[in-house]
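Novice: predicted model follows, preceded by the sequence.
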Amino acid sequence: MLDRIAGFWNAGNQNAGLREELQLARIRLKELEATEQENARLKALLDLTEESGAPVAISRIVGSSVVSARRFAYIGAGSRDGVQAGMPVRSERGILGRVFETASSTARVLLLSDSESVVPVRRAQDDLIAFAEGRGDGLVRIRLINLGINPVEEGDVFVTSGAGGYFKPGLAVAVIHEVTDDGGLARMIADPAGTDFVRVEAYWEPEAVEAAQQSPDQMLQGTNAPQ
Amino acid sequence: MINSDLQMGPRPKYSRRQINREPSPLLAASVLYGSIILASWVPTFLVTTSMPLVPPMGFLLLVGWRLMRPGTLPAWIGFPLGAIDDLVSGQPFGSAILLWSVTLLAFEWFESRFPWRGFFQDWFASAIACGSYVVLAVLVSGAVLSLPILAAITPQLLLSMALYPMIAAMVATLDRIRLIRIREIR
């Protein structure tokens, strides 16, 4: 009889002990999952380095405009590291924006969601060309260049088209989440809120960027020089 | 400006330990201006948001000090403090310089006509100032003004209007720290 009571008593103790152990194990498991995820993310960043040549700089997002209606982020690399205005800034997921202006050791990045930001994009599976314009409220507006029947569907992924020479073609930009008359509203694939490390990349086609910065007259003079 | 204000603080009634202790002008100025500068800067480092979310803390604190302790902030202080805010806020340089200066001048004008005041009147004045500041800041920010952007600033607008009691309590606490009496050697 006494043994039985003692058995019950011990079972209760054991139960409580095991429960605590299980909780600790669960916490540990979650920590490991987080480590694994971090591992995958850092590996993605490294792969990225191998696939597309050395970046101009790898840095952290150190701050952002949280008060203003404009969307800027600050990164910890500047003109001293070779960063120049206009260079694309990306995370391992996709495009975040481009460098807006530089100081010696920091730079200000114009994010995709800023209402002044426009990026030439195309649909990932075909060559449907569009512009991705920021709206200032966290969404990106996809505006098709060829109007007509709107072929965009919810869930379509848009990537950079490479036009203009700033961005490398094929970098993820946004996913359509609502179809409108002339394109759609899209969510950014690389959300700056979830990004820690970013890569500043060189211009995709420096010649195109240079040409775009010149006036048309200068370009004509350049091509007609031999005559 | 500072000296006239310092004499307003409560005199200690007795206690020998309080003899020869005066508020320090350095502490008084640095808490006042430092708190506004910190309020402008700190939110920048905390979070990266995809829409304007955080109320303009620097401006809220400026209005808080102006309403709680009239006379401590000179009317021209909108220029240097606004310039510091502009460096980090993401607004074009000059936006806060203009808006903060105009706000201080408006308070100056308003106060000379309606000298009486109370907590709720202060809250009302702060709500009007902060509400119009958030909208005007969008106007001068260079952003394309559109319906989505106006919808995006709504939470910020409401927060900045509702936050005055907290700001007032913060300013009151800081004011006590500001006027701590420190041993003075003459």
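Specialist: Arrived safely, thanks for sending.
Novice: neighbours around the spatially closest residue to residue A:167 that is not a sequence neighbour, how many?
Specialist: Leaving aside its chain neighbours, residue A:167 sits nearest to residue A:160 (4.1 Å; criterion: Cβ to Cβ, 6 or more residues apart in numbering or on different chains). All C-beta spots, glycine's among them, are computed from the backbone N, C-alpha and C. By the criterion of other Cβ atoms under 10 Å in any protein chain shown, residue A:160 has 24 neighbours.
Novice: and residue A:160, what pLDDT?
Specialist: Note on residue A:160: pLDDT of 89.
Novice: ok, residue A:71 next?
Specialist: 87.
Novice: domain assignment for chain A?
Specialist: Listed by automatic domain parsing, the domain ranges of chain A are A:1-51, A:55-205.
Novice: mean pLDDT lowest for which of the ones you listed?
Specialist: Among the domains of chain A, domain A:1-51 carries the lowest mean pLDDT, a mean of 81.
Novice: find the nearest non-adjacent residue to the residue in chain A that chain B sits nearest to, please.
Specialist: Using Cβ to the nearest Cβ, residue A:65 is the residue of chain A that sits closest to chain B, at 2.6 Å. By the measure of Cβ to Cβ, 6+ apart, the closest residue to residue A:65 outside its immediate chain neighbours is residue B:90, 2.6 Å from it.
Novice: is it true that that neighbour touches residue A:73?
Specialist: No: look at residue B:90 against residue A:73 with Cβ atoms under 8 Å: they stay out of range, at 9.2 Å.
Novice: still on that earlier bit, based on its surroundings, how many neighbours for the residue of chain A closest to chain B?
Specialist: Other residues lying near residue A:65 total 25 when counted by other Cβ under 10 Å.
Novice: which residues are in contact with it?
Specialist: A:71-73, B:44, B:52, B:88-91 (Cβ atoms under 8 Å, 6 or more residues apart in numbering or on different chains).
Novice: ok, residues contacting the particular helix or strand that has residue B:36 in it?
Specialist: For residue B:36, the enclosing helix or strand under DSSP states H and E is helix B:25-46. For helix B:25-46, contacts defined as Cβ under 8 Å, 6+ apart pick out A:62-67, A:74, B:2-3, B:5-6, B:54, B:57-58, B:60-62, B:65, B:72-73, B:77, B:81, B:84-85, B:88-89, B:174, B:177-180, B:182.
Novice: please check those and keep the buried ones.
Specialist: Neighbour counting by 16 or more other Cβ atoms under 10 Å in any protein chain shown classes A:63-67, A:74, B:5-6, B:54, B:57-58, B:60-62, B:65, B:72-73, B:77, B:81, B:84-85, B:88-89, B:174, B:178-179 among these as buried.
Novice: if you look at those, which of them are in helices?
Specialist: Within the buried ones among the contacts of helix B:25-46, residues falling in helices by DSSP state H are B:5-6, B:57-58, B:60-62, B:65, B:81, B:84-85, B:88-89, B:174, B:178.
Novice: within reach of chain A, which of these are there?
Specialist: Among those, proximity to chain A is found for B:57, B:88-89 (Cβ under 8 Å from any Cβ of the partner chain).
Novice: between the residues you listed, which sits nearest chain A?
Specialist: Nearest to chain A among those, counting by Cβ to the nearest Cβ, is residue B:89 at 5.1 Å.
Novice: residue contacts, the closest one?
Specialist: Contacts for residue B:89 were tallied using Cβ under 8 Å, 6+ apart; they are A:65, A:67-68, B:40, B:44, B:56, B:58, B:95-96.
Novice: just residue B:130 next, same as before
Specialist: Going by Cβ under 8 Å, 6+ apart, residue B:130 touches B:55-56, B:59-60, B:63, B:160-161, B:163-164.
Novice: equivalent analysis for residue A:123, please.
Specialist: Contacts of residue A:123 (Cβ under 8 Å, 6+ apart): A:130, A:152, A:156-159.
Novice: can you redo these as TSV with distance to residue B:145, secondary structure and neighbour count?
Specialist: Formatted as TSV, these follow (distance: Cβ to Cβ, whole Å; DSSP: H, G, I helix; E, B strand; the rest coil; neighbours: other Cβ atoms under 10 Å in any protein chain shown):
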residue	distance to residue B:145	secondary structure	neighbour count
A:130	23	strand	24
A:152	26	coil	20
A:156	29	coil	20
A:157	30	strand	16
A:158	25	strand	28
A:159	30	strand	22
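Novice: distance to chain B for those - can I get that in JSON lines?
Specialist: Formatted as JSON lines, the contacts of residue A:123 follow (distance: Cβ to the nearest Cβ, whole Å):
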{"residue": "A:130", "distance to chain B": "18"}
{"residue": "A:152", "distance to chain B": "18"}
{"residue": "A:156", "distance to chain B": "20"}
{"residue": "A:157", "distance to chain B": "18"}
{"residue": "A:158", "distance to chain B": "17"}
{"residue": "A:159", "distance to chain B": "20"}
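Novice: from those residues, which two are the most distant?
Specialist: Largest separation among the contacts of residue A:123 by Cβ to Cβ: A:152 and A:159, giving 14.0 Å.
Novice: for the closest residue in space to residue A:76 that isn't next to it in sequence, list each beta-bridge partner.
Specialist: Residue nearest to residue A:76 in three dimensions, not counting chain neighbours: residue A:59, with 4.5 Å by Cβ to Cβ, 6+ apart. Applying DSSP bridges to residue A:59 gives these bridge partners: residue A:198.
Novice: what's near enough to touch residue A:59?
Specialist: Residues near residue A:59 by Cβ under 8 Å, 6+ apart: A:75-77, A:81, A:197-198, A:200.
Novice: centroid-nearest residue for chain A?
Specialist: The residue lying closest to the centre of chain A (Cα atoms, centre = their mean) is residue A:190, at 2.9 Å.
Novice: contact partners for that residue?
Specialist: Here residue A:190 is in contact with A:90-91, A:93-96, A:172 (Cβ under 8 Å, 6+ apart).
Novice: swap the cut-off to 10 Å and go again
Specialist: Contact analysis of residue A:190 by Cβ atoms under 10 Å, 6 or more residues apart in numbering or on different chains lists A:89-97, A:111-112, A:171-174, A:198.
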